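In: A structural model of the following input is requested.
(one chain, ligands or ions: 1)
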Amino acid sequence: MSVNRRDLLTASALLLAGPGFASRTSAREGASVTGPRVLCWNENPYGPSPAARRAVAASIAEGCRYPSDEQTQALTAAIARHEGTEASHIVIGTGSGELLRALVLVCARDGGEIVAAEPTYLEMPDYAEFFGVKMKFVPVDAQLQHDLRAMRAALTERTRAVYLCNPNNPTGTAVGATAIRDFVTSLPAGVTAIVDEAYLDFADGLDVRSAVDLVEGEHRVVVLRTFSKLHGMAGMRLGYAVTRPEIAKALAAACMTTPNLLSVRAGQASLADKDFLAGTRARIVASRARITSHLTGLGLRYAQPQGNFVFFDTGIPLELFSARMKARDILVGRLFPPFTNWCRVTIGREPDVDAFLGALPGALRA
Ligand SMILES: Cc1ncc(COP(=O)(O)O)c(C=O)c1O
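Out: Below you'll find the predicted structure:
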């Protein structure tokens, strides 16, 4: 059995929390939850969708079979329709995290540099550094947004790729489509723009939309999407890339695993479950507005949130704040240097948001 870093962190957080943690079940939501409120991994607790759950239940007996080419192709075709493109532009991965890693191999296995914001999602940077690729981190600007001008200036002839996490994790801020287009079209021919849109479904900012239309242009663009966020399928490990066919082929060849049958079936069902997706988005966006207006009321600064989480300045060391939250059965995000006083809180169900907002004044108090 392999245990990853996230498993260990969650397990240790639960152990540290001790036996006093509440046990809660929610029959209405169809989920059983034991332990603290887990608001630290940017998961979507409303999922998987009812249709995805039915698809998994109906496919369980086929678990003795490998997924067939037809089954995987059916999901690829459904994703291509959803993205308004051809199946030859789609690569399915065991989570978009796997595709981020495979992109390191595609773009930079012979060394070179990758440019990324700081802070940003570290799955690709960590993997790149493991392979001896140099990461060049460019600090986010005063609004905690990607500083595209500074990122462009950071490029050298050794640069192989630029990672744009839009909306960015952990800051939650998003860059508009026009700015992304200008940035991408300014890149030298050999540099790949990797646009990670894991949280884009939750965005509502002006001009914030997918960069998928840039894939057909002359620049090397890869857009990544995941079923872990809006679809609420983080545990099922499914994501995809949209890119032009020759990059898609190289990316597929660099992947090490293939998604399992249950996630393939669930992904297809979830894409079609429009009511669930719209309802989930509405609930998370409404909770996000509640959290930000609460923070404003408390006089706390926050980055403009466009994902299913909020990044805000607690005004005290995060270590102290998260320990106080933990004492109230709430796990919040880890430290994201250099923002040592800032907390990333995931938007859970409404009762989780109630609990978080209720615990906030006490956790902030000196
Ligand atoms: C920005 C970003 N990209 C990608 C991922 C990985 O998603 P997946 O579950 O599809 O591997 C995450 C996970 O939290 C993320 O925050």
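
In: list phi and psi for the closest residue to the ligand within the stretch 251-366 of the chain.
Out: The shortest separation between the stretch 251-366 of the chain and the ligand is 8.0 Å, found at Gly307 (distances taken as C-beta to the nearest ligand atom). Placement of C-beta: from N, CA and C, glycine included. Main-chain torsions, Gly307, degrees, to the nearest 10: phi -120, psi -160.

In: which ones are touching it?
Out: Asn42, Pro167, Asn169, Gly172, Ala198, Tyr199, Phe202, Ala203, Lys229 (C-beta atoms under 8 Å, 6 or more residues apart in numbering).

In: contacts only, for the third one.
Out: If I follow you right, that is Asn169. Asn42, Thr120, Tyr121, Ala198, Tyr199, Gly307, Phe309, Arg344.

In: so the fourth one touches His231, yeah?
Out: Translated: Ala198. No: under the criterion of C-beta atoms under 8 Å, Ala198 is not in contact with His231, lying 11.0 Å apart.

In: point out the residues in the stretch 1-150 of the chain that sit beside the ligand.
Out: Taking C-beta under 6 Å from any ligand atom, the part of the stretch 1-150 of the chain that reaches the ligand is made up of Asn42, Gly95, Ser96, Gly97, Tyr121.

In: quick one on the thing from earlier: could you dump the contacts of Asn169 into CSV and include pLDDT, distance to Phe137 and secondary structure?
Out: Written out in CSV, the entries for these read as follows (pLDDT from 0 to 100; distance: C-beta to C-beta, whole Å; DSSP: H, G, I helix; E, B strand; the rest coil):
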residue, pLDDT, distance to Phe137, secondary structure
Asn42, 98, 21, coil
Thr120, 98, 8, coil
Tyr121, 98, 12, coil
Ala198, 98, 19, coil
Tyr199, 98, 20, coil
Gly307, 98, 20, coil
Phe309, 98, 21, strand
Arg344, 98, 18, strand
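
In: what is the nearest of these to Arg301?
Out: Within the contacts of Asn169, distances to Arg301 taken as C-beta to C-beta reach their minimum at Arg344, with 13.8 Å.

In: state the distance from the closest one to Asp196.
Out: With the distance defined as C-beta to C-beta, to the nearest Å, Arg344 ends up 16 Å from Asp196.

In: more neighbours: the two, which one.
Out: Higher neighbour count among Arg344 and Asp196: Asp196, with 30 against 27, using other C-beta atoms under 10 Å.

In: pull out the buried positions in the lengthiest helix in the chain.
Out: Of all the segments assigned as helix in the chain under DSSP state H, the longest by residue count is helix 274-297. Residues 276-277, 280-281, 283-285, 287-288, 291-292, 294-295 are the ones in helix 274-297 that count as buried (16 or more other C-beta atoms under 10 Å).

In: for the record, mean pLDDT for that helix?
Out: For helix 274-297, the per-residue pLDDT values average out at 98.

In: the helix or strand following it versus helix 274-297: what angle between them?
Out: Later in the chain than helix 274-297, the nearest helix or strand by DSSP states H and E is strand 309-313. Inter-element angle recorded for strand 309-313 and helix 274-297: 10 degrees (by axes from the mean of the first three to the mean of the last three C-alpha atoms, to 10 degrees).

In: past strand 309-313, which element shows up next along the chain?
Out: Sequence-wise, the next helix or strand downstream of strand 309-313 (DSSP H and E) is helix 318-327.

In: and the next element down the chain from that next one?
Out: Using DSSP H and E, the helix or strand that follows helix 318-327 towards the C-terminus is strand 330-332.

In: for that next one, buried residues please.
Out: With burial defined by 16+ other C-beta under 10 Å, the residues of strand 330-332 counted as buried are Ile330, Leu331, Val332.

In: tell me what it is packed against?
Out: Packing contacts for strand 330-332, counted by 3 or more C-beta pairs under 8 Å, 6 or more residues apart in numbering; DSSP states H and E, involve strand 37-39, helix 318-327, strand 342-346, helix 350-364.

In: output the longest one in CSV with nothing but the alpha carbons.
Out: The one in question is helix 350-364. C-alpha atoms of helix 350-364 as CSV (Å, rounded to 0.1, in the frame of the first residue of the first chain):
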residue,chain,number,x,y,z
GLU,A,350,-23.2,25.3,4.7
PRO,A,351,-23.0,23.8,8.3
ASP,A,352,-19.2,23.8,7.9
VAL,A,353,-19.2,27.4,6.8
ASP,A,354,-21.4,28.2,9.9
ALA,A,355,-19.0,26.4,12.1
PHE,A,356,-16.0,28.2,10.6
LEU,A,357,-17.5,31.6,10.8
GLY,A,358,-18.7,30.9,14.4
ALA,A,359,-15.2,29.9,15.4
LEU,A,360,-13.4,32.7,13.7
PRO,A,361,-13.7,35.5,16.3
GLY,A,362,-12.4,33.2,19.0
ALA,A,363,-9.5,31.9,16.9
LEU,A,364,-8.4,35.5,16.0
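
In: would you say Val223 is within a helix?
Out: No: checked against DSSP: H, G, I helix; E, B strand; the rest coil, Val223 lies outside a helix; its state is strand.
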